[in-house]
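S.K.: Here is a sequence together with a model predicted from it:
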Amino acid sequence: MTGIEASPGRLADLARERSEANLRFFAVEAEHVARLCHRMAERFVRGGRLLALGASASALSDARHVAVEFVHPVIVGKRALPALAVAGAGAELVSRLELAAEPDDVVVGFGLDEDGAGSSGAEALARARARGCLTIAFAASDPPAEWIFEPPSADPFVRQELAETLYHVLWELVHVFFEHRGLLEGREAAPVHDSGASSFLYPFLAEQETGLEGVVEDVRRSVLAKAEDAGALREQTLGEGGEELTAGAAALRARLEEGGTLLALGNGGSATDATDVVADFRTPPRATGWPARRALDLTEDPGILTAIANDIGAEAIFARQVIAYGRPGDALIALSTSGNSANVIAALAEARRRSLLTVAMVGYDGGRIAAEGLADHVIVTRSEHLPRIQEAQASAYHALRELVETAATRSESR
C-alpha cells in the first residue's frame, strides 16, 4: 500500500503559522470582542437571538457549532441563549434569513470569503442589518457588516480556526455582562446568575459592580488570556501528536486511494467538527488544488440519529451506522473532547471489528480511548476546557487533511 510521509518540519511550520496569526488577530481585536460581548448581551436581554448563516458545507459546520454552544452551555449555571443555524444555497439563504430575522437579533455570517457562497451570505447580512439586526462577519462584505473580524491569514483553515476561537470567546464572555445587569439596556429582562464554579471563564473580573469601561477592560484581558491558551494548546496538539498525525495520514491516504470512504462522527460541538472534516475532504479549498475525497458524515441525518436513539439508545447512534456503511477498506475519524463518550467508543469498537482504520482526536488525558488503545491513531489535546480542546482539534484535522495530500508516498506502516 502507499501512504505519505510529512517533511519533519511541516507540522512545526503549521503550528507556528497558527500561533503568529493568533497573536496578531487577538492583539488587534480583543477590545472589539469585549465591546461586542456587551452589545450582544443587550440584544439577548431584549429577547433577541443569534442567527448563524452558512451558505456552504464548511460554513454550515461553523453556523451549527455556534448554535449548539449558545443553546447548550456546557458550564453549569450559565443560561441557555437562543441561537439558530440558518442554511441555504444562493437565494434560498436570503429567503430563509428574511423569514427568520427579527430586529433585536444578532446575525453572524460564515463563508463570506468563499467562491460563490459569499455573495448570498453578504446579501443576507445586508438584509438583516437593514432590519435592525446586529451583524457580524469574518471577512469583508459588500455592503459591510457592522462588526467585521478578518483573520490575518490567506490560509482558509487558519482563518476558520481563528473564527472558531473568536465565537467561542464570544459565547464564554457574553455571560460576563449578565452578571453586571446595570450595564445593559433592557436589563429588567435579565436574570442574574452568580459566577460560582464558572468564574474561570473570566478570571479578571472583580466581584463588585463596576462601570462599563472597567468591565470592558477586564473582558479584553480575558480575551487575550484565552487566545494565548488556544495558541499554546494548538502547539501542544500538533507537536505531541505529530507522529500520530503523520502515521494516520499515511494510512488514511492509502485507504482513500484504494476507493475507501472516510466516516466522521462526534457529539455536540464535535458533531459540527465532524461535518467540517467531511466538508474539507469532499470539497477542499479551491486554491489547494487537492482532489475531492470520499467522506460520509455520520452526524448529518436527524432521521437516522433519532430513530436509533429512540428505538435502541443513544449509545448506538454511530455504531449502527458503522454497521450499515462501514467496509474493510474504509476509515473512521472520531472526535471526542473527553475520550470517554459511550457512543464514540461503541463506534470505534464496531469499526475495528469491521477492519476500518480508526483515528481519534480526544481531550483531557485521552480518556478510555487513549488509555485502552481503542483507535489505531490517537491524538490527545491536553486540556479540560472544551472550547480550547475543539479549537486545537480543528488544527489537528486540518493538518491531517493537508498531510493526506502533500507529502511523499511511502509504505503504510500499520
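M.R.: Done, it's in. Everything numeric in this text was worked out from a predicted model, so none of it was measured. Residues are numbered from 1 along each chain as shown.

S.K.: For Gly132, give me its contacts.
M.R.: Taking C-beta atoms under 8 Å, 6 or more residues apart in numbering as the criterion, Gly132 is in contact with Pro103, Asp104. Every C-beta, even on glycine, is put in place using the N, C-alpha and C of the backbone.

S.K.: Equivalent analysis for Val174, please.
M.R.: Contacts of Val174 (C-beta under 8 Å, 6+ apart): Cys37, Met40, Ala41, Phe44, Leu81.

S.K.: next one: Val223
M.R.: Counted by C-beta under 8 Å, 6+ apart, Val223 has contacts Phe26, Glu29, Ala30, Val33, Ala34, Val169, Leu173.

S.K.: 10 Å - rerun?
M.R.: By C-beta atoms under 10 Å, 6 or more residues apart in numbering, the contact set of Val223 is 26, 29-34, 37, 165-166, 169-170, 172-173, 202.

S.K.: pLDDT weak spots in the chain?
M.R.: Applying pLDDT under 70 to the chain flags residues 1-8, 75-77, 115-118, 186-210, 407-414.

S.K.: try 50
M.R.: Within the chain, the stretches with pLDDT under 50 are 1-6, 188-198, 205-209, 408-414.

S.K.: Where does the record place the domain boundaries for it?
M.R.: As recorded under automatic domain parsing, the domains making up the chain are 10-229, 241-406.

S.K.: Can I get the ones you listed in JSON lines including distance to Glu235?
M.R.: Converted to JSON lines, the domains of the chain look like this (distance: least, C-beta to C-beta, whole Å):
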{"stretch": "domain 10-229", "distance to Glu235": "5"}
{"stretch": "domain 241-406", "distance to Glu235": "9"}
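
S.K.: from the contacts of Val174, which is closest to Glu114?
M.R.: In terms of C-beta to C-beta, no member of the contacts of Val174 lies closer to Glu114 than Met40, at 24.6 Å.

S.K.: distance between the helix or strand where that closest one lies and the chain's centre?
M.R.: Assigned by DSSP states H and E, Met40 falls within helix 10-45. Averaging C-alpha positions (C-alpha atoms, centre = their mean, to the nearest Å) puts helix 10-45 14 Å from its chain's average.

S.K.: Could you list every helix and strand in contact with it?
M.R.: Contact partners of helix 10-45 among helices and strands, from 3 or more C-beta pairs under 10 Å, 6 or more residues apart in numbering; DSSP states H and E: strand 50-54, strand 106-110, strand 134-137, strand 147-148, helix 156-179, helix 212-240, helix 242-257, helix 386-406.

S.K.: what comes up buried for it?
M.R.: The neighbour-count check on helix 10-45 (16 or more other C-beta atoms under 10 Å) flags 10-11, 14-15, 18-19, 21-22, 25-26, 29-30, 32-34, 36-45 as buried.

S.K.: what is the orientation angle of it with helix 242-257?
M.R.: Between the axis of helix 10-45 and that of helix 242-257 there is an angle of 90 degrees, by axes from the mean of the first three to the mean of the last three C-alpha atoms, to 10 degrees.

S.K.: and the closest residue to Ala342 other than its chain neighbours, how many residues sit next to it?
M.R.: Leaving aside its chain neighbours, Ala342 sits nearest to Glu315 (4.7 Å; criterion: C-beta to C-beta, 6 or more residues apart in numbering). Neighbour count of Glu315, defined by other C-beta atoms under 10 Å: 17.

S.K.: Double-check Glu315 against Glu350; I have them as touching.
M.R.: No - judged on C-beta atoms under 10 Å, Glu315 makes no contact with Glu350 at a distance of 11.3 Å.

S.K.: Tell me if Thr358 really is in a strand.
M.R.: Yes - assessed by DSSP: H, G, I helix; E, B strand; the rest coil, Thr358 belongs to a strand.

S.K.: Name all residues that make contact with it.
M.R.: Each residue near Thr358 by C-beta under 10 Å, 6+ apart is listed here: 248, 251, 263, 331-334, 347-349, 351-352, 369, 374-378.

S.K.: if we go to 7 Å?
M.R.: The contact partners of Thr358, taken as C-beta atoms under 7 Å, 6 or more residues apart in numbering, are Leu332, Ala334, Leu348, Ala351, Arg352, Ala375, Asp376.

S.K.: now, among the contacts of Val223, which is nearest to Pro73?
M.R.: Distances from Pro73 to these, taken by C-beta to C-beta, are shortest for Glu172, at 9.5 Å.

S.K.: contacting residues around stretch 59-71?
M.R.: Applying C-beta under 7 Å, 6+ apart, the set of residues contacting stretch 59-71 from outside is 50, 52-54, 80-87, 108, 110-111, 114, 117, 160, 163-164, 167-168, 171, 268-269, 272, 275-276, 279.

S.K.: List only buried entries from those.
M.R.: Using 16+ other C-beta under 10 Å as the threshold, 50, 52-54, 81, 83-87, 108, 110-111, 114, 117, 160, 163-164, 167-168, 171, 268-269, 272, 275-276, 279 are the buried ones among these.
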